[in-house]
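Enquirer: let me see the structure of the following:
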Amino acid sequence: MLPGLVRPSPEGASLLILLLMPSTAIAPVSVQHHLPDTIDILGVPVVNSTSPVVNALFEHILDAPFERCYTVYFLNAHGANLSFEDKAFAKALQECDIMLNDGVGVDMAAWMQGKRFAENLNGSDLIDEGEFLHICARKGHGVFILGAKQEVLDKAVDNYEAEYPGLKVVGRHHGYFNHYGDDESLPVVEAINASGADVLLVGFGNPRQEHWIQAYRDKLRCKLAIGFGGSIDQVAKVVPRAPKFWVNLRLEWLFRLFQEPQRLWRRYLIGNTVFLTRALFRRKGMVGKL
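Expert: This next block holds a predicted model:
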C-alpha cells in the first residue's frame, strides 16, 4: 500500500489523502488521520482542499511504485444531475478515488449546508493551466492523452508541449471509438499500457469518460486516470475558455452559455435550477423526492 494513502472501503469511503511528512518512512497512523475534509454533494464526498495540497497528493502517487490506477474526477452541477439518471455513472462517482469540486453550483450546494470550499478545483485550472503538468515535466512522468478528433488532439498536444517544456507526452489516441465495447476499447488500453504512461488524461466528457475509466481501471497500468472533460478542445483553442475576468467572477458558465446557447441553455438554465432544488431537498432530508 502506498504510504499515507488508504484504499476506499466498499461502504463508500471513496477518497484518498496524503499525509504530508518530510520523511519517506511514514509511521502507521489510524484511518481517521488519513481522511480528508470532504463536503457531501448529493451523496458524493467531494474533497475540500487547495491546489497545492492536491498537487502534492498527485506527486506523491506518481513518485511511488505502481500499486493500482487511482481515479480523479471533477463534480459539477451537470454531472450531479446526470448521476440521478444514470446508475452506472453514479456508481463511478461513488467509487472515484479523488473527487474534486468544479463550478459555482457545487459551491452553492455546499453553502446551503453552511460550508464552503476552499478553492474551485476545476480541470482547466488544475490540469490545463496549473502546476500539475509542470510537476510531470520536471520529474519525467509520462502522460497519455485520450479524446477528441485526431486533428484537435494533435493541436492540443503541440500546445501542451509548448506550454510545459520537457513534458513527456508518451502517447495519444482520438476519442472516436466504441467506449462501451472491448473490441475497440481494449486495444486502446493496451496502447496506454505499452506507452509506459504514468498519467492518463481522458477527455470524452461526462458521463462517457467516467464510464470508460470505471470499466477499464483494473486493466490500466498508469498511476492516475483523470477525467478532464472538454479540456482538449480548449487547449487546442477550438473552443475558447472564458477570459480571466469571467473566471474570477465565477461566471465562466455564463460565458460558455453565450458561446453555445443552443447546446447549453437547458444544461445551465434548467439543469442548475434542478441541481440546486435537489441540494435543498437533500438538506431537508428529502433528496429522494426529486
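
Enquirer: going by C-alpha atoms from here, please, whenever you check contacts or count neighbours.
Expert: Noted.

Enquirer: what's the local residue count around residue 249?
Expert: Using other CA atoms under 10 Å, the number of residues around residue 249 comes to 9.

Enquirer: check which helix or strand covers residue 209.
Expert: helix 208-216 (DSSP states H and E).

Enquirer: buried set for that helix?
Expert: For helix 208-216, the neighbour count (16 or more other CA atoms under 10 Å) marks 208-215 as buried.

Enquirer: could you dump those to TSV with pLDDT?
Expert: Converted to TSV, the buried residues of helix 208-216 look like this (pLDDT from 0 to 100):
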residue	pLDDT
208	97
209	97
210	98
211	98
212	98
213	98
214	97
215	97
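
Enquirer: all helices of the stretch 101-250 of the chain, in order?
Expert: 104-111, 123, 132-139, 150-163, 182-195, 208-216, 231-235, 244-248 (DSSP state H, counting those that start in this stretch).

Enquirer: mean pLDDT lowest for which of those helices?
Expert: Comparing mean pLDDT across the helices of the stretch 101-250 of the chain, the weakest is helix 244-248, with a mean of 77.

Enquirer: for residue 137, the count of nearby residues, please.
Expert: 19.

Enquirer: grab the nearest non-local neighbour of residue 197.
Expert: residue 142 (4.6 Å; CA to CA, 6 or more residues apart in numbering).

Enquirer: any idea how far that neighbour lies from residue 61?
Expert: For residue 142, the distance to residue 61 equals 13 Å [CA to CA, to the nearest Å].

Enquirer: more neighbours, the two?
Expert: residue 61 (23 against 20).

Enquirer: surely that one and residue 223 touch.
Expert: Yes. Residue 61 is in contact with residue 223 according to CA atoms under 8 Å; the separation is 6.9 Å.

Enquirer: which residue sits closest to residue 211, ignoring its sequence neighbours?
Expert: Residue 211 sits nearest to residue 89 (CA to CA, 6+ apart), 6.2 Å away.

Enquirer: now do the contacts for that neighbour.
Expert: 82-83, 207, 210-211 (CA atoms under 8 Å, 6 or more residues apart in numbering).

Enquirer: hmm, 7 Å instead?
Expert: 83, 207, 210-211 (CA atoms under 7 Å, 6 or more residues apart in numbering).

Enquirer: centroid residue for the chain?
Expert: residue 73 (2.5 Å; CA atoms, centre = their mean).

Enquirer: phi, psi for that residue please.
Expert: Per-residue torsions, residue 73: phi -130, psi 170 (degrees, to the nearest 10).

Enquirer: and if you look at residue 86?
Expert: Dihedral angles for residue 86 - degrees, to the nearest 10 - are phi -130, psi 100.

Enquirer: count of neighbours near it?
Expert: Neighbours around residue 86, by other CA under 10 Å: 11.

Enquirer: same check, this time on residue 271
Expert: Residue 271 - counted by other CA under 10 Å - has 19 other residues nearby.

Enquirer: skipping its backbone neighbours, what lies nearest it in space?
Expert: Per CA to CA, 6+ apart, closest to residue 271 is residue 78, 6.5 Å.

Enquirer: host element of that neighbour?
Expert: Applying DSSP H and E, one finds residue 78 within helix 77-85.

Enquirer: that helix - contacts with which helices or strands?
Expert: For helix 77-85, the packing partners by 3 or more CA pairs under 7 Å, 6 or more residues apart in numbering; DSSP states H and E come out as helix 272-283.

Enquirer: now the helices of the stretch 101-250 of the chain as a markdown table including distance to residue 263?
Expert: Shown next, in a markdown table, are the helices of the stretch 101-250 of the chain (distance: least, CA to CA, whole Å):
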| stretch | distance to residue 263 |
| --- | --- |
| helix 104-111 | 19 |
| helix 123 | 21 |
| helix 132-139 | 31 |
| helix 150-163 | 20 |
| helix 182-195 | 28 |
| helix 208-216 | 18 |
| helix 231-235 | 16 |
| helix 244-248 | 20 |
